[in-house]
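Q: based on what follows, work out the 3D shape:
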Amino acid sequence: MNLPKKRRTIIDVAQEAGVSKATVARVMNGGGDVSVKEDTRKRVLAAAKKVGYVPNRIAASMRSQRTYSVAISIPDISNPFYPAMVRGAQDALTPKGYNLLMFNNDWDAKTESSHIDAMRKHMVDGILLSPAQSDLDLAALSPTPVVILGRGLDYPEFPSVGNDSVGGIKLALNRFWELGHRRIGLITGGSHRATASSRQEAYYQFHEEKGIAVAEALIAWTEFGVRTADSIGFAREAATALLMRSDRPSAILASNDVLALAVLQVARANDIRVPEELSVIGMDDIFSASVSAPALTTVAKQRYENGRVAADKLLTLMQGKSLEEQKNTLLACRLIERETTCPCRY
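A: Got it, this is the predicted structure:
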């Protein structure tokens, strides 16, 4: 008869490593205790592996009132913008002993609200939130620390880390201007976020600064608040509306790369040569932008850094410290010029 093996404890680990139970506890609690020397930490971990010790996280959580779990909420898991951001957060949190729990809401308000309730009930230690809605009631999460992924305009009371999308729009528009383009189309989205309208405002401001009138017919709206697979279809419709005009633009700025790739598809289907007859710039620098044919010129956002810096802020808050003057961080964008832009030829 095979009897179940006895569950190993920190006493077994301490005996194997030749250290005290307290030292084992400091190493195994996942908190990165700096009072334990590195060689001692390695010896304890090796001993734990040898004797087959597995920490009881439930018991540890009850003692410490910490779960070593952080939630990250995103609106669209299929959007290629988010993986690098999640990876940046994970790379910052894992060395500190935290597990990252991901929630995807598909831009659905009801789902997002239920996820927030689940985060509260499961007592996560902190939350990284990329809001799908602009009017979420986050008061119920207090006192759990929250950092907003994005510019945080809709939630100014919370610290945030985002990319300077408005600055990125200006980079792209100014590059078009340098190339001689004057009829510049814009494809943007009807997102619930404040950043959607801010991109259009940047477009208007650019025209005002250059002293040229805005041609409203060259602005095409498409829905942001849907899954990526659906947004491509909407983007094709918007691109078709612009490119089938007799006075079509010589250049199009798309407010993300998925929209820009849809523009390339429509142009190819209608024998419009890119960049000879149409210049295109996207935004985000997702992987597909670099391998499209032609390779897409785009405004690169610091997606990985966005996640990493936000997680660092959250770690600071979870330690009970203040962010002081670093509450809100806006990361600079940069233009990556590839094969979809050239001087205007008409």
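Q: only C-alpha atoms from now on, for both contacts and neighbour counts.
A: Will do.
Q: neighbours around residue 109, how many?
A: 17 (other CA atoms under 10 Å).
Q: Three-state assignment for the residue nearest to it when sequence neighbours are not counted, please.
A: Spatial nearest neighbour of residue 109, chain neighbours left out: residue 133 (6.5 Å); criterion: CA to CA, 6 or more residues apart in numbering. Here residue 133 takes the coil state, with states given by DSSP: H, G, I helix; E, B strand; the rest coil.
Q: tell me which strands the strand or helix carrying residue 281 pairs with, and in which orientation.
A: Per DSSP states H and E, residue 281 falls inside strand 279-284. Here strand 279-284 is paired, per DSSP bridges, with strand 251-254 (parallel), strand 297-300 (parallel).
Q: quick check: which of those strands is nearest to residue 152?
A: Residue 152 sits nearest to strand 297-300 of all those, at 19.5 Å, using CA to CA.
Q: starting at the chain centroid, how far to that closest one?
A: 16 Å (CA atoms, centre = their mean, to the nearest Å).
Q: any idea which helix or strand comes after that strand?
A: Scanning forward in sequence from strand 297-300 by DSSP H and E, the next helix or strand is helix 303-318.
Q: how close does residue 208 get to residue 52?
A: 69 Å (CA to CA, to the nearest Å).
Q: which ones are touching the residue nearest the centre of the chain?
A: By CA atoms, centre = their mean, the chain has its centre lying nearest to residue 85, at 4.0 Å. Residue 85 is in contact with 303-308, counting by CA atoms under 8 Å, 6 or more residues apart in numbering.
Q: who wins on neighbours among these?
A: residue 307 (27 neighbours).
Q: for stretch 280-297, buried residues please.
A: In terms of neighbour count (16 or more other CA atoms under 10 Å), stretch 280-297 has its buried residues at 280-286, 289-290, 294-297.
Q: just the CA coordinates for that stretch, please, in PDB.
A: Coordinates of each C-alpha in stretch 280-297 appear next as PDB, following Å, rounded to 0.1, in the frame of the first residue of the first chain:
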ATOM      1  CA  VAL A 280       0.400  56.100 -45.200                       C
ATOM      2  CA  ILE A 281       1.500  56.400 -41.600                       C
ATOM      3  CA  GLY A 282       0.200  54.300 -38.700                       C
ATOM      4  CA  MET A 283       0.700  54.400 -35.000                       C
ATOM      5  CA  ASP A 284       1.900  51.900 -32.400                       C
ATOM      6  CA  ASP A 285       4.600  49.900 -34.300                       C
ATOM      7  CA  ILE A 286       3.100  46.500 -33.800                       C
ATOM      8  CA  PHE A 287       5.000  43.500 -35.300                       C
ATOM      9  CA  SER A 288       2.800  43.400 -38.400                       C
ATOM     10  CA  ALA A 289       3.800  47.000 -39.300                       C
ATOM     11  CA  SER A 290       7.400  45.900 -40.000                       C
ATOM     12  CA  VAL A 291       6.600  42.900 -42.100                       C
ATOM     13  CA  SER A 292       3.700  44.300 -44.200                       C
ATOM     14  CA  ALA A 293       4.300  44.800 -47.900                       C
ATOM     15  CA  PRO A 294       5.200  47.600 -48.200                       C
ATOM     16  CA  ALA A 295       6.600  47.900 -44.700                       C
ATOM     17  CA  LEU A 296       4.500  50.500 -42.800                       C
ATOM     18  CA  THR A 297       5.900  53.800 -41.700                       C
END
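Q: who's in contact with that stretch?
A: Against stretch 280-297 from outside (CA under 8 Å, 6+ apart): 80-81, 168, 172, 251-261, 263-264, 274, 298-301, 303, 335-341.
Q: what sits against residue 149?
A: Shown in contact with residue 149 (CA under 8 Å, 6+ apart): 128-131, 160-162, 306-307, 310.
Q: make it 6 Å
A: Counting by CA atoms under 6 Å, 6 or more residues apart in numbering, residue 149 makes contact with 129-130, 160-162.
Q: just give me the neighbour total for the nearest residue to it once chain neighbours are set aside.
A: In space, and not counting its chain neighbours, residue 149 is closest to residue 130: 4.6 Å by CA to CA, 6+ apart. Per other CA under 10 Å, the neighbour tally for residue 130 reads 22.
Q: surely residue 130 is in contact with residue 74?
A: Yes. Shown here, residue 130 and residue 74 form a contact pair, counting by CA atoms under 6 Å, at 5.2 Å.
Q: secondary structure element for residue 229?
A: Here residue 229 sits within helix 228-243, counting by DSSP H and E.
Q: output the contacting helices and strands for that helix.
A: helix 257-269 (3 or more CA pairs under 6 Å, 6 or more residues apart in numbering; DSSP states H and E).
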